[in-house]
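Chemist: Sequence and computational prediction follow.
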Amino acid sequence: MKQNKKGFTLIELLAVIVILAVIALIATPLIMNVINDAKRSSIRDSAYGILRAAETYFAQEQIDDPTYKGETFDIMTDKKLALKGTRYSGKVMVNANGDSAIAINEDGYCYYKGVHESKVHMTKGLLKCDLDMANNMIKNGYGEYGDNTNFKSFTYQDGVFKRTGSSSKTLFSDELIPIDINKKYEIKATIKTSDPNARYYMGIAEYDVDKKFILAHYVKYIDNTLTTLKQDLKNGDTVVYLDNITNWTLQEYSMTTGINRGFIFWNYKDNTGKTYEPETYSRNTWLNLYEFSNINKQNHTITLNEPWDKGTIKKDTKVSQSMGGNYYNYGLLNSSKYGSKVSTSFQTFQNMVHGIQTDNGKFTSEFDDTKFRPATKYIQFVLLDNYNKDPNVTTEIKDIVIREVAE
């Protein structure tokens with residue numbers, strides 16, 4: 001019996017080869033992505049292991065020597081931490097508080113964690129990847145992203161943020177930074193100008209737990225004016241009845257008309273349900289409501305310029321005479337009420353901020369720039385550029401730093 005043996009034709013073989021090639025083209029990048037993802041995940045896991053090794057070393061050293069303040073270790077060459085496995089290019093450090101930070105630069109990716117964080121981040125293509133960058137709480141403060149990320153008010157070129165103009169403008173970083181007012185922070189920036197006569201203010205803006213900006217008159221008041229409402233203050237009322245206004249001032253604050261002719265009611269409740277203590281923080285503040293001639297210290301009443309329309313304020317609510325002040329914490333640049341001049345060469349300015357400002361009852365618009373305003377939970381870098389509106393001024397700023405520092 002004759003057998004019919006038939007093989008593949010050349011066309012069929014070519015078709016199979018083409019199909020396999022297409023499958024390989026599709027599968028290879030997917031497989032490589034899986035391999036690379038696994039590698040990056042392994043490096044990040046290693047970073048956590050290195051951090052634990054550094055923290056363990058710190059704890060052991062402190063047992064032997066309580067004065068030990070921590071140190072920085074080179075991951076590639078260090079022998080103290082007894083690291084096992086693959087070594088990476090980077091550094092890990094532990095500060096005097098036992099807080100750790102790491103920065104690893106591997107295959108175009110930066111793996112980093114600052115002392116104020118718990119998570120190791122992984123970002124591709126950063127121009128700067130070191131402990132300074134890792135510990136900087138303000139994203140792209142060193143221009144490490146190579147663009148104006150987090151600084152949309154500026155243009156970007158070669159690690160420098162710029163603005164050119166003839167007007168005055170308040171410029172902010174884009175993202176709010178969570179902080180703990182019980183900790184200490186370094187605020188720092190390097191700036192230069194094309195016009196030595198241009199003037200600037202520079203520092204931070206402060207926000208509460210609801211990310212609402214804390215204006216000066218939400219925390220400022222006049223000392224020794226704390227009193228209570230004697231009866232409800234309702235819409236349509238023109239007279240405010242108070243318990244005792246003997247110490248209320250009849251002097252206009254010269255800097256801004258009307259800021260001390262108002263009320264700050266100490267009954268503000270934020271969105272978490274917290275009600276703030278008197279003489280701390282309240283957004284229930286209204287200015288320029290009456291004339292000093294309408295303060296009657298004998299009857300302890302104040303006659304308003306217009307009928308009350310802010311809603312009912314209950315009897316026995318604590319209240320003080322209002323006051324105002326600087327919009328922002330200008331701890332970096334603020335030499336006078338007209339702003340500060342800066343050099344035509346890069347110059348670095350620094351401020352340390354720690355704790356809460358408590359003496360907010362002074363008859364002045366000034367704040368202690370080394371303290372946070374009460375209720376501060378978030379901060380934001382701010383620059384008041386070309387305050388005196390000189391023509392065609394180019395401002396350049398770089399190395400913008402907000403970082404937690406050990407006590």
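Modeler: Looks like it arrived, so ask away. Numbers count the residues shown, from 1 in each chain.
Chemist: hey, where'd the strands end up in the stretch 201-350 of the chain?
Modeler: Using DSSP state E, counting those that start in this stretch, the strands of the stretch 201-350 of the chain run over 227-228, 239-241, 263-265, 285-286, 295-296, 301-303, 318-321, 329-333, 340-341, 347-354.
Chemist: The fourth one - which strands sit beside it in the sheet, and in what orientation?
Modeler: In this case it means strand 285-286. strand 263-265 (antiparallel) (DSSP bridges).
Chemist: Any buried residues in the partner strand, and which?
Modeler: Neighbour-count burial for strand 263-265, counted by 16 or more other Cβ atoms under 10 Å, picks out 263-265. Every residue, glycine included, has its C-beta placed from N, CA and C.
Chemist: TSV for these, including distance to residue 144 and pLDDT?
Modeler: TSV is the format used below for these (distance: Cβ to Cβ, whole Å; pLDDT from 0 to 100):
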residue	distance to residue 144	pLDDT
263	47	97
264	42	97
265	46	98
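Chemist: Among those residues, which one sits closest to residue 174?
Modeler: Nearest to residue 174 among these: residue 264, at 30.8 Å, using Cβ to Cβ.
Chemist: Surely the closest one is in contact with residue 226?
Modeler: No - the criterion here is Cβ atoms under 8 Å, and residue 264 misses it with residue 226 at 9.8 Å.
Chemist: So what touches stretch 84-98?
Modeler: 43, 46, 50-51, 54-55, 57-59, 62, 69-76, 81, 100-106, 111, 115, 129-131, 406-407 (Cβ atoms under 8 Å, 6 or more residues apart in numbering).
Chemist: Just list what the lengthiest helix in the chain packs against, helices and strands only.
Modeler: The longest helix of the chain (DSSP state H) is helix 10-64. Helices and strands touching helix 10-64, by 3 or more Cβ pairs under 8 Å, 6 or more residues apart in numbering; DSSP states H and E, are strand 90-94, strand 100-106, strand 109-113.
Chemist: With mean neighbour count and distance to residue 278 as extra columns, can I get those in TSV?
Modeler: Listed next are the helices and strands packed on helix 10-64 as TSV, based on neighbours: other Cβ atoms under 10 Å; distance: least, Cβ to Cβ, whole Å:
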stretch	mean neighbour count	distance to residue 278
strand 90-94	23	42
strand 100-106	22	40
strand 109-113	23	41
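Chemist: export the ones you listed to TSV and tack on distance to residue 349 and mean pLDDT?
Modeler: Shown next, in TSV, are the helices and strands packed on helix 10-64 (distance: least, Cβ to Cβ, whole Å; pLDDT from 0 to 100):
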stretch	distance to residue 349	mean pLDDT
strand 90-94	25	94
strand 100-106	24	94
strand 109-113	25	93
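Chemist: wait, which of the ones you listed is closest to residue 333?
Modeler: Comparing those by Cβ to Cβ, strand 100-106 comes nearest, at 28.4 Å.
Chemist: relative orientation of that closest one and helix 10-64 in degrees?
Modeler: 150 degrees (axes from the mean of the first three to the mean of the last three Cα atoms, to 10 degrees).
Chemist: Show me what strand 100-106 is packed up against.
Modeler: helix 10-64, strand 90-94, strand 109-113, helix 131-135.
Chemist: Let me have these in a markdown table, extended by distance to residue 205.
Modeler: Formatted as a markdown table, the helices and strands packed on strand 100-106 follow (distance: least, Cβ to Cβ, whole Å):
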| stretch | distance to residue 205 |
| --- | --- |
| helix 10-64 | 32 |
| strand 90-94 | 30 |
| strand 109-113 | 26 |
| helix 131-135 | 21 |
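Chemist: mind checking which of those is nearest residue 177?
Modeler: Nearest of the helices and strands packed on strand 100-106 (Cβ to Cβ): helix 131-135, 12.8 Å.
Chemist: partners of the helix or strand just after the closest one, with directions?
Modeler: Remark: after helix 131-135, the chain's next helix or strand is strand 155-157, criterion DSSP states H and E. If you go by DSSP bridges, strand 155-157 pairs up with strand 160-165 (antiparallel).
Chemist: Next, count neighbours for the closest residue in space to residue 99 that isn't next to it in sequence.
Modeler: Closest residue to residue 99 apart from its sequence neighbours, by Cβ to Cβ, 6 or more residues apart in numbering: residue 115 at 3.9 Å. By other Cβ atoms under 10 Å, the residues close to residue 115 number 21.
Chemist: From residue 54, how far off is residue 115?
Modeler: 11 Å (Cβ to Cβ, to the nearest Å).
Chemist: shared neighbours, those two?
Modeler: Joint contacts of residue 115 and residue 54 (Cβ under 8 Å, 6+ apart) are residue 100.
Chemist: coming back round to it: adding distance to residue 142, write the buried residues of strand 263-265 out as a markdown table.
Modeler: Listed next are the buried residues of strand 263-265 as a markdown table, based on distance: Cβ to Cβ, whole Å:
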| residue | distance to residue 142 |
| --- | --- |
| 263 | 45 |
| 264 | 40 |
| 265 | 44 |
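Chemist: Closest to residue 357 out of those residues?
Modeler: residue 264 (15.3 Å).
Chemist: and the closest one, what does it touch?
Modeler: Here residue 264 is in contact with 217-218, 220-221, 282, 284-285, 319-323 (criterion: Cβ under 8 Å, 6+ apart).
Chemist: now, which of the residues you listed sits nearest residue 239?
Modeler: Using Cβ to Cβ, the contacts of residue 264 come closest to residue 239 at residue 319, 14.4 Å.
Chemist: returning to that earlier point: TSV for the helices and strands packed on helix 10-64, including distance to residue 342?
Modeler: Below are the helices and strands packed on helix 10-64 laid out as TSV (distance: least, Cβ to Cβ, whole Å):
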stretch	distance to residue 342
strand 90-94	32
strand 100-106	31
strand 109-113	31
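Chemist: Check the offset of stretch 231-238 from the chain's centre.
Modeler: 40 Å (Cα atoms, centre = their mean, to the nearest Å).
Chemist: Which parts of the protein belong to which domain?
Modeler: 30-135, 155-215+326-405 (automatic domain parsing).
Chemist: Many thanks, I have nothing further to ask.
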